[in-house]
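Engineer: need coordinates for the following:
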Amino acid sequence: GPSLLAELLINKYEYHLPFHRQIKMLKQTGVSLPASTINGWFQGSCDLLRSLYFRLQEVTMNTDYIQVDESTVPVVNNEKHKTVKSYLWMVRSVMKPLVYFHYDKGSRAQKVVVELLQGFQGAIQTDGYEAYSIYEQKKGVLLLGCWAHARRKFEESLAEDKAGAEYALAQIGKLYQVETMANEQGLDDKQRAELRERLAYPIMVAFEKWIVKYYPKALPKSRMGRALSYTYNIFHRLSRYHLDGRYKIDNNLAENAIRPLALGRKNYLFCGNHDAAENAAIIYSLLGCCKAADVNPREWLTDILAKIPIYNNDYSLDLADLLPHNWKNS
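Structural biologist: So this is what the prediction gives:
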């Protein structure tokens, strides 16, 4: 029934227990289930949820401010008889609690993100990965950077150039202090933008000038050289967050959404093939939405697995009503 299917999926993708461990645990309670049965149930559940997953993509892409990131997932390559590093793309809506994972045969190529974000209009916040640069020229799209990634580069430079790295980190720290001030004062989006204009923007202007002056002092291939180059090359993206109080200073929301994937990698080790990775993307997406909307994933999934056949067979019903942020348990 739905509750058992939900339990198996939650245990694997929320608590990172591979199916073979769950089979052992069930056996200790006197329940013996073959692996082929569990895998069949998993495939059937994913097939059932696929339509909701596609509706989630539509709803997410209809928002006007998203954060995008990618993360690795090991997938078995049957031809090479070994696991290869593949990529899952993740889109996090900032203004709505929506998380969408996308898998395209493990590719991290630019064509994947172009297809994924096709038709999107609004702000896209990313790290400095070159694939996103195409959106600098796209009409109706504003590309934002992530100060947390820039900060990480300078943190890595501390052992190599303590004085320069500490100065850079102090300037970035001041930008975060402005955000803390806005949070403590409970400012709305307009007031936050005004505070950034008054306090954060002058810090960024001075910091950019410092980078230009300091760059000749660093070896190009050194950690400091790479940190300066990374930050300067995307400085226009990094500084744009001050334009709108809704925009975040970094894409930590996206990184938080990806964290369960990193934990899963350590526990169940790999996906058996491309189809298994696509199925994982479905479950990670829907459970990610539960977390973002602060919805109990076990209650939600148990209810949805029972309801979704009705929605799949009645086109007058909107699957978006079943997404965690809209869900009503009845």
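Engineer: contacting residues for Ala320?
Structural biologist: Neighbouring residues of Ala320 by C-beta atoms under 8 Å, 6 or more residues apart in numbering: 55, 58-59, 326. From N, CA and C alone the C-beta is placed, and that goes for glycine too.
Engineer: neighbour-wise, give me the winner out of the residues you listed.
Structural biologist: Ranked by neighbour count (other C-beta atoms under 10 Å), these have Val59 at the top, with 19 neighbours.
Engineer: which ones are touching it?
Structural biologist: For Val59, the residues meeting the contact criterion (C-beta under 8 Å, 6+ apart) are 96, 98, 320, 323.
Engineer: in strands only, show me the residues you listed.
Structural biologist: With strands taken from DSSP state E, the overlap with the contacts of Val59 comprises Leu98.
Engineer: buried subset of the contacts of Val59, written for ChimeraX?
Structural biologist: To isolate in ChimeraX the members of the contacts of Val59 that are buried, counting by 16 or more other C-beta atoms under 10 Å, one can use:
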select :96,98,323
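Engineer: among the contacts of Val59, find me the one that's closest to Gly44.
Structural biologist: Checking those against Gly44 with C-beta to C-beta, the nearest one is Leu323 at 20.8 Å.
Engineer: these two touch, right, that closest one and Val99?
Structural biologist: No - under the contact definition of C-beta atoms under 8 Å, Leu323 does not touch Val99, with a separation of 10.5 Å.
Engineer: and for these two, which residues touch both?
Structural biologist: Common neighbours of Leu323 and Val99, using C-beta under 8 Å, 6+ apart, are Cys289.
Engineer: return the member of the contacts of Val59 nearest to Met204.
Structural biologist: Nearest member of the contacts of Val59 to Met204, counting by C-beta to C-beta, is Lys96, at 28.5 Å.
Engineer: phi, psi of the closest one?
Structural biologist: Dihedral angles of Lys96 (phi, psi; degrees, to the nearest 10) stand at phi -130, psi 150.
Engineer: separation between it and Ser71?
Structural biologist: Using C-beta to C-beta, to the nearest Å, we find Lys96 at a distance of 21 Å from Ser71.
Engineer: again, but for Leu33
Structural biologist: When distances are taken as C-beta to C-beta, Leu33 and Ser71 turn out to be 31 Å apart.
Engineer: which residues does Phe120 contact?
Structural biologist: Residues in contact with Phe120, defined by C-beta under 8 Å, 6+ apart, are 61, 66, 141.
Engineer: switch the cut-off to 6 Å
Structural biologist: When the contact criterion is C-beta atoms under 6 Å, 6 or more residues apart in numbering, the partners of Phe120 are Met61.
Engineer: distance of it from Gly128?
Structural biologist: Noted for Phe120: a distance of 20 Å to Gly128, by C-beta to C-beta.
Engineer: where does pLDDT dip in this structure?
Structural biologist: Of all residues in the chain, those with pLDDT under 70 make up the ranges 77-81, 259-272, 330.
Engineer: which stretches of it form helices?
Structural biologist: Assigned helices in the chain, in chain order: 2-13, 19-28, 35-61, 110-116, 147-156, 162-184, 189-195, 201-214, 223-233, 235-239, 252-268, 274-293, 297-313 (criterion: DSSP state H).
Engineer: how about the second one: buried residues?
Structural biologist: Applying a neighbour-count criterion of 16+ other C-beta under 10 Å, one finds 19, 22-23, 26 buried in helix 19-28.
Engineer: if I look at Ile304, how far off is Asn312?
Structural biologist: When C-beta to C-beta is applied, the distance between Ile304 and Asn312 equals 11 Å.
Engineer: who has more neighbours, those two?
Structural biologist: A direct count of neighbours by other C-beta under 10 Å for Ile304 and Asn312 places Ile304 higher, at 22 against 15.
Engineer: list the contacts of that one.
Structural biologist: Taking C-beta under 6 Å, 6+ apart as the test, what Ile304 contacts is Leu322.
Engineer: look up how far Lys153 lies from it.
Structural biologist: Distance, Ile304 to Lys153, using C-beta to C-beta: 42 Å.
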